[in-house]
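Peer 1: mind folding the following:
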Amino acid sequence: LSSQVSRAACTFVSKVRSVNYHPNSIRIFQASKKTSKTNHFSRRSRLITIMTSVKPTNIPEGDFANYFCTYGYLYHQKEMLEDPQRMQAYHDSIFLNKAQFKDKVVLDVGTGSGILAIWAAQAGARKVYAVEATNMAGHARKLADSNGVGEKIELIQGYMENIELPEKVDIIISEWMGYFLLRESMLDSVLVARDKWLKPGGALYPSHARMFISAIKSNTPARKYADYVDSGANWQSFTKTVADNYGVDMSCLTPEYDKEQSTFFLKTSQWVDLHPNQLLGKPCVLKNFDLNKVTVEEIKVVKESFELKVEPQHQKYKQDEDEEMGDTKDVQVSGFGGWFDVHFRGSEENPATTEVELSTAPDVNGATHWGQQCFYLHPAAVVGAGDSLHGNLNMHRSKENHRLMSVNIEFSHHRMVNGTSYAAPPRSCTFNIE
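Peer 2: As a prediction, this is how the structure comes out:
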């Protein structure tokens, strides 16, 4: 690859849900809904596709390769625009609250295709500043002009943190959420804009957010462990072939290879479309955020405790279309599922007329493009009706890439026997959200 192509090749795709980095493959590609809901690759197949994009001069090279590169593609914008829950929630938050937008100055942080800026203008905003770091800004300008609101919308290409506006704004609207709410760290830009450009009493859309966690049941961990074992056997065969045919013994690298594979297969969270029946009890609200008040420092680390009770009605559920579990006294907790919701309430001084919610919780009708993140246990935890899991979740940003997250979950299994609570030794698991 030329140096220009190498720099532009995206090594991290933000909201394309079927992409995770694998040490055996370069996987940067346009994901379809079909591939996102199935096993991405067979154990032996490897897809190698490279996409390139022109890097705007205003974006640092590292952040472009690690984050912004995919947002410059219409196909990626299209995938988000095809999410009906996302679209309807943002559309309702604006058009059911037209009185809040009429004659107001609006800032759209990370406008992308410009859809939110266009809606704000259509709802009666006097002026909309639409900020976009990538070259998608050009497409957004064309779209605004072709929809008759170009005179109201000022497209500004650049980092939000470096942008200078000619005036303060009444409303900041943004679709900043990533997997498990905080992956991508785009909320930073919204909060910086809030502190610098929002008028006193101004409103954020969305204004509040919550993170959830639940114990789950799934067959996926067994498949992932089988893939891990298969990759180890493949490595052994590979080292023997190299030694026999080329006289180089590579077995000394076995521990390093095993660490790579273990991290990918067993210690990396996975995008999933959970069915509500896979939840082993009621989810727990892990964290509440008031976006009108929270600071950047407060979102860099999420450290919260949780308690999840296994409820009897959740111990029987349909795993596959042709398979159903029977009643059992004990059930295996395969892992933890995490998701979020956001609420459009405006601010205390300027509340929304109609509150709107956007939820990414498990749904019988299927997932949003955010899906849920699953943190699988190896091995599963065996619990029974009435038992509970007491734990702590610590999520912080990856040292290598602040857009990605590292999650540690420590928990213990509690069981009541004749009125006395007995706790199993605690377990601790660490995962990457990539």
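Peer 1: how about the strands in the stretch 301-434 of the chain?
Peer 2: Assigned by DSSP state E, counting those that start in this stretch, the strands in the stretch 301-434 of the chain fall at 301-309, 318-320, 323-324, 330-346, 351-359, 372-384, 388-397, 405-417, 420-423, 427-433.
Peer 1: what's the most buried one of the ones you listed?
Peer 2: strand 330-346 (a mean of 23; mean count of other CB atoms under 10 Å). Heads up, the C-betas are built off the backbone N, CA and C, glycines and all.
Peer 1: so which of the strands of the stretch 301-434 of the chain gets nearest Pro206?
Peer 2: strand 330-346 (3.9 Å; CB to CB).
Peer 1: now that closest one against strand 351-359, angle please.
Peer 2: Angle of strand 330-346 versus strand 351-359, following axes from the mean of the first three to the mean of the last three CA atoms, to 10 degrees, is 150 degrees.
Peer 1: what's strand 330-346 packed up against?
Peer 2: helix 84-95, strand 198-205, strand 208-216, helix 220-246, strand 351-359, strand 372-384 (3 or more CB pairs under 8 Å, 6 or more residues apart in numbering; DSSP states H and E).
Peer 1: quick check: which of those is buried the most?
Peer 2: strand 208-216 (a mean of 23).
Peer 1: show me the shaky parts of this structure.
Peer 2: Scanning the chain for pLDDT under 70 picks out 1-72, 312-329.
Peer 1: distance from the centroid: which residue in it tops it?
Peer 2: The C-alpha centroid of the chain is most remote from Gly247, which lies 45.5 Å away (CA atoms, centre = their mean).
Peer 1: report the beta-bridge partners for Val407.
Peer 2: Beta bridges link Val407 to Met395, Phe431, judged by DSSP bridges.
Peer 1: chain center to stretch 78-89: distance?
Peer 2: Centroid separation for stretch 78-89 versus its chain: 15 Å, with CA atoms, centre = their mean, to the nearest Å.
Peer 1: possible to save the helices and strands packed on strand 330-346 as a markdown table with distance to Ala423?
Peer 2: A markdown table is the format used below for the helices and strands packed on strand 330-346 (distance: least, CB to CB, whole Å):
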| stretch | distance to Ala423 |
| --- | --- |
| helix 84-95 | 39 |
| strand 198-205 | 41 |
| strand 208-216 | 16 |
| helix 220-246 | 23 |
| strand 351-359 | 33 |
| strand 372-384 | 12 |
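Peer 1: quick one: the helices in the stretch 51-200 of the chain?
Peer 2: 61-66, 74-81, 84-95, 98-101, 115-122, 136-146, 187-197 (DSSP state H, counting those that start in this stretch).
Peer 1: can you tell me what sits against the shortest one?
Peer 2: Residues external to helix 98-101 that are found in contact with it (CB atoms under 8 Å, 6 or more residues apart in numbering): 94, 120, 123-125, 171, 203, 346, 350, 352-353.
Peer 1: thinking again about what came up before, Throw the strands of the stretch 301-434 of the chain into TSV and include distance to Leu191, thanks.
Peer 2: Shown next, in TSV, are these (distance: least, CB to CB, whole Å):
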stretch	distance to Leu191
strand 301-309	15
strand 318-320	41
strand 323-324	46
strand 330-346	14
strand 351-359	19
strand 372-384	22
strand 388-397	15
strand 405-417	17
strand 420-423	39
strand 427-433	20
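Peer 1: of all the ones you listed, which lies closest to Asp258?
Peer 2: Closest among the strands of the stretch 301-434 of the chain, once you apply CB to CB, is strand 372-384, at 14.0 Å.
Peer 1: and that closest one, what does it pack against?
Peer 2: helix 220-246, strand 270-272, strand 330-346, strand 405-417, strand 427-433.
Peer 1: turn those into JSON lines, including distance to Val310.
Peer 2: Formatted as JSON lines, those follow (distance: least, CB to CB, whole Å):
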{"stretch": "helix 220-246", "distance to Val310": "18"}
{"stretch": "strand 270-272", "distance to Val310": "20"}
{"stretch": "strand 330-346", "distance to Val310": "7"}
{"stretch": "strand 405-417", "distance to Val310": "10"}
{"stretch": "strand 427-433", "distance to Val310": "16"}
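Peer 1: out of these, which is closest to Asn288?
Peer 2: strand 330-346 (10.2 Å).
Peer 1: ok, that closest one: who's next to it in the sheet?
Peer 2: Partners of strand 330-346 in the sheet, by DSSP bridges, are strand 208-216 (antiparallel), strand 351-359 (antiparallel), strand 372-384 (antiparallel).
Peer 1: select, out of these, the one closest to Tyr228.
Peer 2: Between those, strand 372-384 lies closest to Tyr228; by CB to CB that is 8.6 Å.
Peer 1: from the chain's centre, how far out does the closest one sit?
Peer 2: 19 Å.
Peer 1: and if you look at stretch 182-202?
Peer 2: The answer for stretch 182-202 is 19 Å, by CA atoms, centre = their mean.
Peer 1: next, the buried residues of that stretch.
Peer 2: 182-194, 197-198, 202 (16 or more other CB atoms under 10 Å).
Peer 1: out of these, who's nearest Ser334?
Peer 2: Arg183 (21.7 Å).
Peer 1: OK, contacts around that closest one?
Peer 2: By CB under 8 Å, 6+ apart, the neighbours of Arg183 are 403-405, 433.
Peer 1: same question, Ala243
Peer 2: 249-251.
Peer 1: go on, Glu410?
Peer 2: Counting by CB under 8 Å, 6+ apart, Glu410 has contacts 391-392, 394, 426-429.
Peer 1: one more pass at 10 Å, please.
Peer 2: Counting by CB atoms under 10 Å, 6 or more residues apart in numbering, Glu410 touches 305, 390-394, 426-430.
Peer 1: now the closest residue to Ser421 other than its chain neighbours: how far from Pro200?
Peer 2: Counting by CB to CB, 6 or more residues apart in numbering, Ser421 lies nearest to His414, which is 5.5 Å off, once chain neighbours are set aside. As judged by CB to CB, to the nearest Å, His414 and Pro200 stand 47 Å apart.
Peer 1: just to revisit the earlier point, return the member of the buried residues of stretch 182-202 nearest to Phe340.
Peer 2: Leu182 (8.5 Å).
Peer 1: that closest one is in contact with Leu286, isn't it?
Peer 2: No. Assessed by CB atoms under 10 Å, Leu182 is found out of contact with Leu286, at 11.3 Å.
Peer 1: quick one: end-to-end length of stretch 401-410, please.
Peer 2: 24 Å (CA to CA, to the nearest Å).
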